[in-house]
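> Got a predicted model here, sequence first, then my questions.
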Amino acid sequence: MNKIQWFPGHMTKALREMEQNVKKVDLVIYVLDSRAPYSCLNPEFREVIGSKPIIYVLNKADLVETSDLKYWEKYLSSPNAVALPMVSTLTNASKVIVDAMQKLLASKIERNKSKGVNMPLRAMVIGVPNCGKSTLINNLCGKYKAKTGDKPSITRSTQWVRIAGELEVLDTPGTLWPSFDDDVVAHNLAYINAIKSDVLDIASLSLDFIQFLLANYSELFFARYSLTRYGEEPIFYLEQICRNRGFLQRGGDVDYERGANALFDDFRKGRIGKIILDKPRAT
Ligand SMILES: Nc1nc2c(ncn2[C@@H]2O[C@H](COP(=O)(O)OP(=O)(O)O)[C@@H](O)[C@H]2O)c(=O)[nH]1
Ligand SMILES: [Mg+2]
């Protein structure tokens, strides 16, 4: 496996901001890509979130088999957290999220009520790039699109959008940087486009991905590209894909990069089939 080198910028600043924002909310909505729920979790943020309840949104659930999500729903659930499969581009998310928020914050809601306090309950959305945070926030806003706004004189920069009743979401999500301790995790994040591709050698990355497909989803892979089995060397398959599609450079050499980009584009749009990268883990 090729080593992924990655140097995130502005991490300290982003972390500080997140710490500030987390203080303002009652609950965190942690968006994960269903194709890589484990890889989207960054252990560094556990500390920032502290003891706040968490709704894990297993987003892009349309791109995996429902049965493959069961393990992760259980893995992520605790008395203080729920995991909800979601298709943010389609599902009306607000009812599902509001229900979960009301359950997780039941005692706080009760306490507020008994004290006659009429404070909105607030959440913020976090997750790695491209997992669907903005899509989810837009979905949640729906008909309540109008910004509720804080008292202007106090916190101008903080904007809240009402999702229902007395529930509000911070309109700018927190972007998490990926955890890179584990090379498999780094690769999964690259495959789902959570890492900018300009820092990656896309052709060699695709060879690692093809190796994964051969080991786990060879039928889907062969069917999608009308491939014939030809040993276990990923490069032979990338070459077949390129030749089948006429991805050749001037002079007739195979354009591996173009083939790799096509492969990832297909995967990211679900055209190869329902593929989950993170299999159940022994813990
Ligand atoms: N298939 C699928 N695509 C989604 C879903 N949610 C978001 N997307 C797509 O994922 C891409 C990234 O979404 P975006 O909201 O910009 O992610 P962000 O970077 O976390 O804010 C966009 O092309 C969305 O249309 C989903 O539930 N299913
Ligand atoms: Mg966004």
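Right, received. Where do you want to start? Ligands and ions are numbered 1, 2, ... in the order given.
> can you pull out the strands in the stretch 51-200 of the chain?
Ranges of strands in the stretch 51-200 of the chain, per DSSP state E, counting those that start in this stretch, are 54-59, 81-85, 121-127, 160-164, 167-170, 174-175.
> With mean pLDDT and distance to ligand 1 as added columns, please give those strands in JSON lines.
C-beta here means a position set from N, CA and C on the backbone, and glycine is covered the same way. Listed next are those as JSON lines, based on pLDDT from 0 to 100; distance: least, Cβ to the nearest ligand atom, whole Å:
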{"stretch": "strand 54-59", "mean pLDDT": "98", "distance to ligand 1": "5"}
{"stretch": "strand 81-85", "mean pLDDT": "97", "distance to ligand 1": "10"}
{"stretch": "strand 121-127", "mean pLDDT": "94", "distance to ligand 1": "6"}
{"stretch": "strand 160-164", "mean pLDDT": "87", "distance to ligand 1": "15"}
{"stretch": "strand 167-170", "mean pLDDT": "91", "distance to ligand 1": "13"}
{"stretch": "strand 174-175", "mean pLDDT": "86", "distance to ligand 1": "7"}
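> Throw those into JSON lines and include mean neighbour count, thanks.
Shown next, in JSON lines, are the strands of the stretch 51-200 of the chain (neighbours: other Cβ atoms under 10 Å):
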{"stretch": "strand 54-59", "mean neighbour count": "25"}
{"stretch": "strand 81-85", "mean neighbour count": "20"}
{"stretch": "strand 121-127", "mean neighbour count": "24"}
{"stretch": "strand 160-164", "mean neighbour count": "20"}
{"stretch": "strand 167-170", "mean neighbour count": "24"}
{"stretch": "strand 174-175", "mean neighbour count": "18"}
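> closest to Val98 out of those?
Closest to Val98 of those, according to Cβ to Cβ: strand 160-164, at 4.8 Å.
> the inter-axis angle of that closest one versus strand 121-127?
Orientation check (axes from the mean of the first three to the mean of the last three Cα atoms, to 10 degrees): strand 160-164 against strand 121-127 gives 110 degrees.
> so how far is strand 160-164 from its chain's centroid?
22 Å (Cα atoms, centre = their mean, to the nearest Å).
> So which residues on the stretch 51-200 of the chain come close to ligand 1?
Applying Cβ under 6 Å from any ligand atom, one finds that the stretch 51-200 of the chain approaches ligand 1 through 59-60, 62-63, 87-89, 127, 129-135.
> so, if you compare the residues you listed, which one comes nearest to Phe264?
Nearest to Phe264 among these, counting by Cβ to Cβ, is Asn130 at 12.3 Å.
> so that closest one touches Ala194, yeah?
Yes: the pair Asn130 / Ala194 is scored as a contact, 5.2 Å apart, by Cβ atoms under 8 Å.
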